[in-house]
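**Student:** this one's structure only:
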Ligand code: B1M
């Protein structure tokens, strides 16, 4: 990996947003994801390489460390912020079609459930791994999921639930999606959800954390 790509990857891994950012202390005063991404583009590094060989590598490392309880929500949020800062520079290349995304992932917290911290983390990690994400928000009804899936053909869908009571919504939504779009790929997650529950309701994949979901999605397009 070229030196600048390694530096950008480190900025994502450690949550270094820009030069002025005081976090993380060991990178104080150094250029961050903002300056380095701009510099890489100015030096002619392809936007696709910046995405796949720097940003996604850094994000993957964060996902693994988060799964292993080596970093926690605040660090992941800093990494996500560094990532989105870098993405501002890459956006024109996405829009021009010069950067290929892996696919589209639709996510929402199920009907009756307003918890969105975990869903937002999942969103950032999936986005950071090269997917287009359509975030439907919280308290999302089955019909809204189905409408989004009709609009984005072949998109994967993810349902998040934090309450034991809204696991029933998850089951209902899965049934409605299956009936309307039989070949839909449905992933489920959230604190009370288990692999056993996933199997019972006929969803395709369960992950207790964002990294597992990213691995599942990537495995589907490999
Ligand atoms: Co609520 N709440 N809450 N709450 N809340 C819990 C979940 C609860 C466990 C607290 C408790 O009693 N100990 C409890 C649920 C009990 C149960 O059903 N078993 C509970 C309750 C009861 C309630 C209310 C009913 C309280 C009331 O009003 N009486 C109410 C319900 C409102 C509603 O949704 N209709 C309510 C309200 C709220 C707040 C609004 C105050 C707030 C939410 C703010 C927000 O989200 N914007 C809130 C919070 C913050 C919590 C706790 C404290 C934290 C949840 C959280 O954000 N965790 C929670 C107790 C706790 O967990 N300590 C609690 C951090 C987050 C990063 O983790 O969401 O699990 P998590 O996401 C993880 C994984 O699960 C996974 O990845 C994420 C990152 O690792 N993941 C997926 C999530 N979705 C995924 C999808 C995937 C894959 C992985 O694939 C698609």
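**Tutor:** Received it, and whenever you're ready, just let me know what you need. Values in this document were obtained by computation on a predicted structure and should not be read as measured data.
**Student:** and the gap between the residue most central in space within the chain and residue 218?
**Tutor:** Against the mean C-alpha coordinate of the chain, by Cα atoms, centre = their mean, the closest residue is residue 126 at 1.9 Å. Counting by Cβ to Cβ, to the nearest Å, the gap from residue 126 to residue 218 is 10 Å. Any C-beta I mention is one placed from the backbone N, CA and C, and that applies to glycine too.
**Student:** give me every residue that touches residue 43.
**Tutor:** residue 4 (Cβ atoms under 8 Å, 6 or more residues apart in numbering).
**Student:** Distance of it relative to residue 7?
**Tutor:** Going from residue 43 to residue 7 by Cβ to Cβ gives 12 Å.
**Student:** Could you do residue 115 as well?
**Tutor:** According to Cβ to Cβ, residue 115 stands 36 Å off from residue 7.
**Student:** Could you check how far stretch 195-210 is from the centre of its chain?
**Tutor:** In terms of Cα atoms, centre = their mean, to the nearest Å, the centre of stretch 195-210 is found 18 Å from the chain centre.
**Student:** anything in it near the ligand?
**Tutor:** Yes: Stretch 195-210 lies within reach of the ligand by Cβ under 6 Å from any ligand atom, at 207, 209, 210.
**Student:** for those, which one is nearest residue 133?
**Tutor:** residue 210 (11.5 Å; Cβ to Cβ).
**Student:** Around the residue nearest to that closest one when sequence neighbours are not counted, count how many other residues there are.
**Tutor:** In space, and not counting its chain neighbours, residue 210 is closest to residue 125: 3.8 Å by Cβ to Cβ, 6 or more residues apart in numbering. For residue 125, the neighbour count with other Cβ atoms under 10 Å is 25.
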